[in-house]
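**Student:** Sequence and predicted structure below; questions after.
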Protein chains: 2
Amino acid sequence: MAETKKSNLALVAARAGVSVASVSRVLNGGSASEQLAKRVREAADELGYVPDASARTMRTGRTDQITLAVADVGNPVYVQMMRTVTGIVAKAGYRLVVSSTGADPKDQIDLVRSLNRGYADGLLISPLRITPDLVEALSASRLPIVVIGTLPPEVELDNVRADSATGIGLAVEHLIAQGRRRIALVNGPVDTVPGSARLAGHRAALERFGLAASDELEVTATGFTYRAGHRATARLLAQAEPDAIIGANDLLAVGALKELAAAGRRVPEDVAVVGMDDTDAAELATPSLTSVDLGSAKRAKAAAKLLIRRIEDPDAPVVRQVIAPALSVRESTVPEAPRA
Amino acid sequence: MAETKKSNLALVAARAGVSVASVSRVLNGGSASEQLAKRVREAADELGYVPDASARTMRTGRTDQITLAVADVGNPVYVQMMRTVTGIVAKAGYRLVVSSTGADPKDQIDLVRSLNRGYADGLLISPLRITPDLVEALSASRLPIVVIGTLPPEVELDNVRADSATGIGLAVEHLIAQGRRRIALVNGPVDTVPGSARLAGHRAALERFGLAASDELEVTATGFTYRAGHRATARLLAQAEPDAIIGANDLLAVGALKELAAAGRRVPEDVAVVGMDDTDAAELATPSLTSVDLGSAKRAKAAAKLLIRRIEDPDAPVVRQVIAPALSVRESTVPEAPRA
DNA sequence: GGGGGTCTTGAGAACGTTCTTAGGAACGTT
DNA sequence: AACGTTCCTAAGAACGTTCTCAAGACCCCC
């Protein structure tokens, strides 16, 4: 069947002895006589015809693609989101393309701008840092956009966010129930969206339960990575004697586990550890990691649905959703945790 | 500046009082008088002009995009590849889009076919399973393609592969040097490219060192995941008494670590464990995992360069590269492994 | 048997860009 | 003063598709 040469509607039409319009109609399921349809399909097969995406896009204004922008493909929480989103958009007839932007807001701005060239019908973005420039670029974009993460309240964009504060509250409550009192936070950079939210959440939770927050119990890692968590925990142990550590995400918490082991502290007997995001890394860790499920899969799902709605109805009212957190208890906080 | 309405070259040209051709020339760096260039740029700014990607693509035949198809975004080895590739293609002026296909060859075939519609200028693909249909689709594609992974020898495609057999040889050699004799393999599905290669490599290595290969020491997990490794190792321990376990990738090996801990075996004292791919997961594990570096970063880099070359010179001779493995020794095989 | 309807098909415009071709102005040379 | 060069700019075709519009064929019913 398939010829090697690139073919187009005109060639197919010529071969079938019909007009270009008819070929297009047949191939797109329009009405046509059985006889003509058969001739067209045969000709298309023989020529190995494949429609050209850019020509179709130019004509229709649609790409049937949705872009998911993630800051760090190495973070398992984004992996979870990718998996969820892929399924949802595929069901609605869109292809998902993933764009890894890096942590720099400049790259994200470039991406948002470039999408205005018409690479995709919509954008799902979960920015690590929200700068005024980024907000400006997002707002100015012609493209339907749904932001996963917290936005300034005045921004008129569909938005699904986690509730870090409540999530940390769950962790603190659980730790206090286990008799812990010196509950430290190994945070990521505080100029990021999750970093600032988790710092505030930590302080609020301690206060709520009548524990004094102290600078000693808060350390800031250089990123949301395993290695950064490792180093930051070393600093923490040099300056304080926590009996519990909350990592601002699972990777940081795993880094803390590592450093605690190296420092000869037993987990959870000497120090309990809690992660956040409840990703595969939490289950995979030794001991397995109690983790705050911030609903990454639910967030991704809600965001994807919101985006599809927005694409189909650009004038729909702006929706802002908050996903409630939950706690997954594992070995790192209770000696006799249930095993899978 | 930016108007909200979508604009095009004709609008810019009208506003600047010049022809469409001149606007295009100015914006693409062609020669033009300073005066005209200035008028054009001002008009473009005022209208918030953004060129349309599909129109440009239709005219030029280029998208300046490269697609990377990965079977499983959750596998850290692909994360490593994505990171590497992003940098290389960006330097050459391409945008990278990642497509997550799932393990089903059918999805991969769909992707390859759809790319013939002109979504990208080239494809980087690392198939888990190579079926005749997939080979057929890859060969029939008009698009420049580089395959990361082993291909049937008759396929005329640029290709970069790992050397699993030698890699497993390194692991076995190292384990034997540590006094191990009953060296088991926790493999992934054997109908996959890496699965079959690693099974063959295991048998060859045992034979080479004068150890008898036995079915008891080989178990096959349902996938290359942490959970599958966990379960498969449980089966292994029920049927044999290994003093060393090689996981066909790091996730399987981490699963083995977990199961060994649950079964009360000490690592590395009772059982040594080696992973493959040398990903972040190996360093993150407790104890940290000795792992065979199959050169995923190097492979990705070489493949990206090959693809760019192929795009720029479609008639270049077919290149097949093999990346040599290396062993990263950590705590899971030697009691006193060096710590980072 | 004629009028009005439905159904099938084709011609051609349009989407927004790039690039070829060629016209005209300015300038230098003979 | 005529001619050749060079530079700048404009006109218009082309990429491949979809979709509107109109024309023709056919059928039904009064």
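**Tutor:** All right, it came through fine. Numbers count the residues shown, from 1 in each chain, chains lettered A, B, ... in the order given.
**Student:** gap between stretch A:87-94 and the chain center?
**Tutor:** 16 Å (C-alpha atoms, centre = their mean, to the nearest Å).
**Student:** Then stretch A:27-34?
**Tutor:** Distance of stretch A:27-34 from the chain centroid (C-alpha atoms, centre = their mean) equals 41 Å.
**Student:** can you check stretch A:231-241 too?
**Tutor:** Using C-alpha atoms, centre = their mean, the mean C-alpha position of stretch A:231-241 is found 30 Å from that of the whole chain.
**Student:** So what touches it?
**Tutor:** Contact with stretch A:231-241 is made by A:182, A:184, A:186-187, A:214, A:216-217, A:219-222, A:242, A:245, A:252, A:255-256, A:258-260, A:263, A:265, as judged by C-beta atoms under 8 Å, 6 or more residues apart in numbering or on different chains. C-betas here are computed from N, CA, C, even on glycine.
**Student:** What ranges does chain A have for its strands?
**Tutor:** A:65-70, A:95-100, A:122-125, A:145-148, A:158-162, A:183-187, A:218-220, A:244-247, A:272-276, A:290-293, A:320-323, A:326-328 (DSSP state E).
**Student:** Run a quick neighbour tally on the nearest residue to residue A:131 once chain neighbours are set aside.
**Tutor:** Nearest residue to residue A:131, sequence neighbours excluded (C-beta to C-beta, 6 or more residues apart in numbering or on different chains): residue A:105, at 4.6 Å. Residues within reach of residue A:105, counting by other C-beta atoms under 10 Å in any protein chain shown, total 20.
**Student:** Give me every residue in the stretch 51-200 of chain A lying close to DNA strand C.
**Tutor:** Applying C-beta under 7 Å from any atom of the strand, we find that the stretch 51-200 of chain A lies next to DNA strand C at A:55, A:58, A:59.
**Student:** so where's the stretch 201-340 of chain A shaky on pLDDT?
**Tutor:** A:336-340 (pLDDT under 70).
**Student:** what's the closest residue to DNA strand D within it in contact with, if anything?
**Tutor:** Closest to DNA strand D within the stretch 201-340 of chain A is residue A:312: 15.1 Å, counting by C-beta to the nearest atom of the strand. Residues near residue A:312 by C-beta under 8 Å, 6+ apart: none.
**Student:** Roughly how far does it sit from residue A:92?
**Tutor:** In this view, residue A:312 and residue A:92 are 9 Å apart by C-beta to C-beta, to the nearest Å.
**Student:** Alongside DNA strand D, which residues does the stretch 151-300 of chain A contribute?
**Tutor:** Close to DNA strand D, as judged by C-beta under 7 Å from any atom of the strand, the stretch 151-300 of chain A has no residues.
**Student:** Please tell me how far the residue in the stretch 151-300 of chain A positioned nearest to DNA strand C sits from residue A:328.
**Tutor:** Proximity of the stretch 151-300 of chain A to DNA strand C (C-beta to the nearest atom of the strand) peaks at residue A:157, 24.3 Å away. Relative to residue A:328, residue A:157 is positioned 30 Å away (C-beta to C-beta).
**Student:** Break down the stretch 201-340 of chain A into its helices, ranges please.
**Tutor:** In the stretch 201-340 of chain A, the segments counted as helices under DSSP state H, counting those that start in this stretch are A:226-239, A:250-262, A:280-284, A:296-312.
**Student:** any idea which of the ones you listed is most buried?
**Tutor:** Highest mean neighbour count among the helices of the stretch 201-340 of chain A (mean count of other C-beta atoms under 10 Å in any protein chain shown): helix A:250-262, with a mean of 26.
**Student:** Appreciated, that's everything.
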